[in-house]
Every structure is written in C-alpha cells, then in structure tokens.
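*Asks:* all I have is the shape, not the residue letters:
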C-alpha cells in the first residue's frame with residue numbers, strides 16, 4: 001500500500017445472523033514490540049502469530065535498516081536475529097513508517113538513544129500526528145533533533161548521543177507510546193531510567209523487557225505506576241507467541257452483539273487487564289459474553305469468548321478506563337448507537353491525536369448514519385436507538401482504519417447498511433477483516 005493509493009470505497013449491509021468460530025490476528029502492540037526487542041537482544045528470537053499488517057511490516061523494515069535480520073518463515077512465523085543494545089547500525093535511507101504511529105514512536109526511542117542519525121517519515125496521516133511529546137523526553141536524554149516538520153511532526157531527523165542520559169520522567173498524558181519510547185531509550189543508558197504515569201497504560205513493553213531479562217521494577221503509586229529500568233542490560237533472545245489482538249477482536253465482538261440472532265466464538269483473545277476496557281464496558285451494558293478456557297500464552301492470559309446477540313443498555317464510561325480501550329471507542333460508539341438510552345464516554349482527549357482526530361471522525365460518522373449524539377469537551381454522548389439505526393453514509397474514514405472498520409460493522413445491522421469512503425487503511429492493522437467477517441456471514445462490497 002503506497003502513500004498515494006487511490007481510495008477504495010466499501011459498504012456493508014444487513015443480512016442473516018452471524019455464526020461461527022474465529023481467531024483474530026496477533027496483537028499489533030505486541031507484534032511491534034516483539035520485533036524491536038528481538039532486534040535489541042543477543043541471539044535469535046522466534047515470533048509466532050505476528051500480525052502481518054502494513055504497520056508491523058514497516059517496523060520490520062526499520063529493524064532491517066538498523067542492522068537486525070528479520071526473516072518470514074511462514075504465515076505469522078518470523079525470526080529476528082538481534083544486534084544487541086548499543087549495536088544499531090547507521091540506516092542508509094529514510095525510515096518510512098507509513099501509517100505506523102506505534103512503530104515510529106517506539107523506534108524514535110530506540111534510534112534516538114544510539115550514536116546514529118536517523119530520519120523518520122510516514123504517510124499523509126502520520127505526518128499530521130504530533131511527535132513533540134516523544135521528542136521532549138528524548139532530548140532530555142541527549143537526543144538532538146536535527147530537523148523536523150512544523151509542530152514537531154515527521155519528517156524529522158534524530159541524532160543520538162554517544163552516551164544516553166538516564167532520566168526520571170512523568171508522562172504528560174496517559175500514553176503507552178511515550179512511556180515505551182523512554183524505557184526503550186533508557187536501555188542504552190548507564191543508569192536507572194524511570195517513568196511515572198498517573199494512570200496505568202498497557203504494559204506490554206515492561207512485560208516483554210522482563211521476559212528478555214531486563215531488570216525492571218513496577219511500583220504502584222495511587223492510581224498510577226512508576227516503572228524503573230536498569231540500563232545497559234544484555235537482553236536474551238526469547239521466543240514470543242503473540243496473543244490475539246483485543247482491538248481487532250472488538251469488531252467481530254460488537255458485530256455479534258448487534259446483529260440479531262448471532263452466536264459467535266472468538267478464540268484466544270488477550271485478557272491483559274490494561275487492554276480489556278471494551279469488554280468491561282460491554283458487560284456493563286448487559287452484553288451476553290461468556291469467557292471460557294482461560295489460559296497463559298507467552299506471559300499473557302488469554303480466553304475464548306462466546307457471544308450471543310441481545311439488547312444493550314447505555315452506560316457512563318469513566319475517563320480512567322480510557323487507557324485500557326483507547327483504540328476501541330469508535331466501535332463502542334457503534335454498540336452505543338444500538339443500545340437503549342444514553343452512553344457517555346468521558347475523557348477522550350487522547351483520541352484527538354490518533355490516526356485522525358478520532359473523536360471528530362466518530363462524531364461525523366454518527367451524523368452521517370443518523371445517530372443522535374453530541375460532543376461536550378472531551379466527552380462523547382451517544383443516544384441509543386434501540387437497534388433502529390438508519391445507517392447510510394457515506395462515512396469519511398479520514399485515513400483511519402478503525403473508523404472504517406467500526407462503521408462497516410454498523411452497516412451489518414443498520415437499516416440501510418453503511419457506505420465508507422475509503423477502506424484502504426484497514427490493511428494496516430487487520431488485513432483479513434473482510435474475509436473473517438464474511439466467514440461469519442457478514443455482507444460487504446468492496
């Protein structure tokens with residue numbers, strides 16, 4: 001998928017109930033980190049169930065450009081031969097991350113802490129996303145920003161220091177990307193780097209670094225956490241099995257709840273408590289979801305979900321839940337449209353700096369499909385239509401894969417279906433989105 005790929009309009013329409021068992025792709029957050037930690041380890045890391053979406057493949061390209069060896073050995077099966085901390089090579093060209101916000105930001109922490117010069121760029125969507133909150137702590141650690149687009153955006157060029165400075169840093173907003181960039185930079189410093197977050201965010205970086213042998217300590221302080229990392233460890237290559245992505249599972253999950261008569265099982269979904277905010281919210285709304293076969297997979301708990309369609313009730317979603325479901329608000333808004341009563345999603349400021357201004361894009365999509373709603377500050381309020389959603393469109397995806405997928409899910413149960421102006425970006429995180437939902441009985445045109 002090139003930066004100039006022509007738009008690919010897509011539509012979905014109501015049909016019969018959804019039925020079947022599915023397994024969604026590997027988790028995108030863990031897939032990025034598996035490649036990065038594999039690169040920084042000594043030895044060979046084997047990764048199974050890696051998400052083979054565009055975003056993760058861009059991170060694989062960046063690892064190769066920095067000296068790591070990355071080989072695909074089969075579907076979802078990859079091998080990474082690392083260079084170790086301090087062993088990155090000078091990239092010959094620009095590190096082009098396409099639409100990959102996570103990959104680019106985490107790699108800024110990696111490259112920016114090594115004595116190399118690296119230029120980061122991406123597609124039109126990534127060029128709109130702010131990077132200053134990543135650059136600020138890196139500059140305190142000795143990284144020099146040689147060039148940047150206005151507002152601290154890509155394209156930008158970083159020059160790493162000869163010796164990275166360990167720091168104690170408090171994140172300005174709940175963001176696993178900021179935290180992870182600082183911790184990954186701290187790996188190449190001679191002391192202890194610590195990050196304090198006032199609200200706990202997804203902890204995949206901490207778990208994976210500990211899995212590879214890093215000395216990392218997590219202390220609970222009120223509602224927040226302080227993570228301390230001893231720099232310059234020798235990370236050991238360890239095999240990684242990537243669990244199913246809760247953010248991708250969200251789409252068949254909500255589809256099964258809103259399409260009358262549906263019964264669907266999602267296998268092996270990750271149950272990390274910092275990633276299950278949507279599941280918690282849907283259960284509060286009265287969703288018929290049964291968790292079975294809980295088990296451990298590579299350090300993460302997973303479970304099978306049995307989902308039965310049924311009525312939903314509006315709820316209030318507290319702001320402190322946002323870090324545990326930051327990518328799932330678009331599809332939660334779709335579920336709320338089919339519920340009875342008002343659903344208020346509070347504290348969504350972080351949505352304004354995702355692939356699009358995701359809060360504005362969701363609101364515009366609801367307007368285009370006839371769903372009453374309003375935005376009050378950083379809150380989104382959706383008035384449920386008790387299953388009688390008009391649909392229609394077209395919905396502007398704004399180059400955002402999750403907006404496109406959320407409203408295509410809506411179309412499976414909306415009276416008039418839903419048209420989305422561009423589904424090209426779906427490949428960044430969920431290349432098999434259409435085939436998987438079609439296998440359950442979903443009706444799409446693309």
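*Replies:* Perfect, I can see it now. Since this is a predicted model, take the numbers as computed values, not measurements.

*Asks:* going forward, measure contacts and count neighbours with C-alpha atoms only.
*Replies:* Noted.

*Asks:* mind listing the helices for the stretch 251-400 of the chain?
*Replies:* Ranges of helices in the stretch 251-400 of the chain, per DSSP state H, counting those that start in this stretch, are 277-284, 329-338, 358-368.

*Asks:* if you could redo that for the stretch 1-150 of the chain, that was the one I meant.
*Replies:* Taking DSSP H, counting those that start in this stretch, the helices of the stretch 1-150 of the chain run over residues 28-40, 54-65, 101-111, 132-140.

*Asks:* can you put the ones you listed in JSON lines and add distance to residue 417?
*Replies:* Below are the helices of the stretch 1-150 of the chain laid out as JSON lines (distance: least, CA to CA, whole Å):
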{"stretch": "helix 28-40", "distance to residue 417": "29"}
{"stretch": "helix 54-65", "distance to residue 417": "28"}
{"stretch": "helix 101-111", "distance to residue 417": "31"}
{"stretch": "helix 132-140", "distance to residue 417": "40"}
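
*Asks:* could you export the ones you listed as JSON lines, including mean pLDDT, distance to residue 6 and mean neighbour count?
*Replies:* Shown next, in JSON lines, are these (pLDDT from 0 to 100; distance: least, CA to CA, whole Å; neighbours: other CA atoms under 10 Å):
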{"stretch": "helix 28-40", "mean pLDDT": "97", "distance to residue 6": "25", "mean neighbour count": "27"}
{"stretch": "helix 54-65", "mean pLDDT": "97", "distance to residue 6": "16", "mean neighbour count": "23"}
{"stretch": "helix 101-111", "mean pLDDT": "97", "distance to residue 6": "21", "mean neighbour count": "26"}
{"stretch": "helix 132-140", "mean pLDDT": "97", "distance to residue 6": "30", "mean neighbour count": "19"}
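
*Asks:* circling back to that earlier point, can you say which of the helices of the stretch 251-400 of the chain is nearest to residue 88?
*Replies:* Set against residue 88 and scored by CA to CA, these come closest in helix 358-368, at 34.9 Å.

*Asks:* check which helices and strands the closest one sits against.
*Replies:* With contacts taken as 3 or more CA pairs under 8 Å, 6 or more residues apart in numbering; DSSP states H and E, helix 358-368 sits against helix 329-338, strand 373-376, strand 392-395, helix 401-411.

*Asks:* for residue 263, see how far away residue 306 is.
*Replies:* Distance, residue 306 to residue 263, by CA to CA, to the nearest Å: 7 Å.

*Asks:* please apply the same query to residue 229.
*Replies:* When distance is defined by CA to CA, residue 229 is 45 Å away from residue 263.

*Asks:* neighbour count for these two, which is higher?
*Replies:* residue 229 (25 against 19; other CA atoms under 10 Å).

*Asks:* paired strands for the helix or strand hosting that one, with orientation please.
*Replies:* Assigned by DSSP states H and E, residue 229 belongs to strand 224-230. Sheet partners assigned to strand 224-230 using DSSP bridges are listed as strand 192-197 (antiparallel), strand 216-221 (antiparallel).

*Asks:* quick one: mean pLDDT for that strand?
*Replies:* The average pLDDT for strand 224-230 rounds to 97.

*Asks:* ok, then the element right after that strand?
*Replies:* Reading on from strand 224-230 to the C-terminus, the next helix or strand found by DSSP H and E is strand 240-241.

*Asks:* give me the sheet partners of that following strand and which way each runs.
*Replies:* Counting by DSSP bridges, strand 240-241 is paired with strand 44-48 (parallel).
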